[in-house]
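A.B. asks: return a 3D structure for these sequence lines:
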Amino acid sequence: MTTDVSETETQPAIPADPESGICCGGGDEGHGCTQESPGGVPRPGPLDGCPTPLAWQQVLTAFHEQSTAFEVQRPGYRLRGRALGNGPPLYLLCGMGGTSDSFCLLAYLLRDLFRCVVFDYPGTFEAIHPSRRVTRESLRDDLLAVADQQGDPQFSLFATSFGGLVALETLLAAPHRISRAVIQGGFARRQLSFAERAIVRLGGFLPGKLKSLPGSRMVQEQNHRRWFPPLDATRWQFFSDDAGQVPIQSMARRGAIIRDTDLRPILAEIQQPILLIQAEGDGLVTRECHEALAKSLPHAEVAWMHSAGHLPHLTSPHRLAKFLRDFLLPAQPPAVAP
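C.D. replies: I've put the predicted structure just below:
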């Protein structure tokens, strides 16, 4: 059961995305100016001019300086993360690759509305004890352990890609802990290609980080680069460098979780409100997975992000922040004139 997500203008304003080189207006309809998307398709823009751009380098520095770092000791490994902002807790879950730093733009935009909590999956920076096996269930328990350490008996979630599996597992196993969730590019079951299965099998034995894997940068270029801000090539480099830090073996373990997981038969058990975001540029497989989730989740709303690609928290963080704000925060009543 799905319904279209509606937008409200009663929440605090979030500025347009200046780094994109294309006015975004915070929404997809009803704005005054029209710009071209990376695919050459006209798209609506805001009524007002964009503010002065804020470079991601400055945002990342501010994110590190203003956030509170924390560690959570788990059996055989440590979890490292940061919390930034004030308000109800919002946990941000990474996809297959990259680090929690990739959420710096989104967390910085939302810091006055939420306390944004990010952390890195086990194996991102430190080796895991050989006796420990990373599973979907262990990642769920990691999330709950971080929430316990942060003193959050209940929280909201934003998850992208692989993080959606962790979100769905937590929604099923601990429904009382999550009030609402937003999943972008998610799936309950994803069929891996022959090449992806080969990487999962062989990657567990390969040393080094993703950046050293032949062909990895070419795949990133083909899948993602066209959706990044055309006026700031360095933001693409930020993503590429960040994703390249993850060890190949850790990526292979996460790929094995995807290969072995099928949550479709039990999705109807999830009763929390969920917003499913599909982005232009997600690809055919991701679109099919999105449609399967939308049909199976009983309280799902769906939203569409044009010109965003598969990484909107990096390519279009202002528009994504508006979706999160509108869905996760209760609508404020209109002001009454004195």
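
A.B. asks: need phi/psi at the most centrally placed residue in the chain.
C.D. replies: Centroid check for the chain by C-alpha atoms, centre = their mean gives Thr160 as the closest residue, at 3.3 Å. Phi and psi for Thr160, reported as degrees, to the nearest 10, are phi -120, psi 140.

A.B. asks: residue contacts, it?
C.D. replies: 93-95, 183-186, 311, 313 (C-beta atoms under 8 Å, 6 or more residues apart in numbering). Every C-beta, even on glycine, is put in place using the N, C-alpha and C of the backbone.

A.B. asks: ok, 10 Å please
C.D. replies: 92-96, 98, 102-103, 106, 167, 182-186, 277, 279, 310-314, 320 (C-beta atoms under 10 Å, 6 or more residues apart in numbering).

A.B. asks: and it, what are its bridge partners?
C.D. replies: Under the criterion DSSP bridges, Thr160 forms beta bridges with Gln184.

A.B. asks: now the helices for this protein?
C.D. replies: Per DSSP state H, the chain carries helices over the ranges 56-66, 104-110, 136-150, 163-173, 194-203, 216-224, 233-243, 248-259, 284-296, 312-315, 317-328.

A.B. asks: and the last one, how far out from the chain's middle?
C.D. replies: On the basis of C-alpha atoms, centre = their mean, to the nearest Å, helix 317-328 is displaced by 12 Å from the centre of the chain it belongs to.

A.B. asks: can I get that helix in PDB? Just the C-alpha atoms.
C.D. replies: Output in PDB follows, covering the C-alpha atoms of helix 317-328 (Å, rounded to 0.1, in the frame of the first residue of the first chain):
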ATOM      1  CA  PRO A 317      21.700  17.300  -0.200                       C
ATOM      2  CA  HIS A 318      19.400  20.300   0.100                       C
ATOM      3  CA  ARG A 319      16.500  18.700  -1.800                       C
ATOM      4  CA  LEU A 320      17.000  15.500   0.200                       C
ATOM      5  CA  ALA A 321      17.100  17.400   3.400                       C
ATOM      6  CA  LYS A 322      13.700  18.900   2.600                       C
ATOM      7  CA  PHE A 323      12.200  15.400   2.000                       C
ATOM      8  CA  LEU A 324      13.500  14.300   5.400                       C
ATOM      9  CA  ARG A 325      12.300  17.400   7.100                       C
ATOM     10  CA  ASP A 326       8.800  17.200   5.700                       C
ATOM     11  CA  PHE A 327       8.400  13.400   6.400                       C
ATOM     12  CA  LEU A 328      10.100  13.000   9.700                       C
END
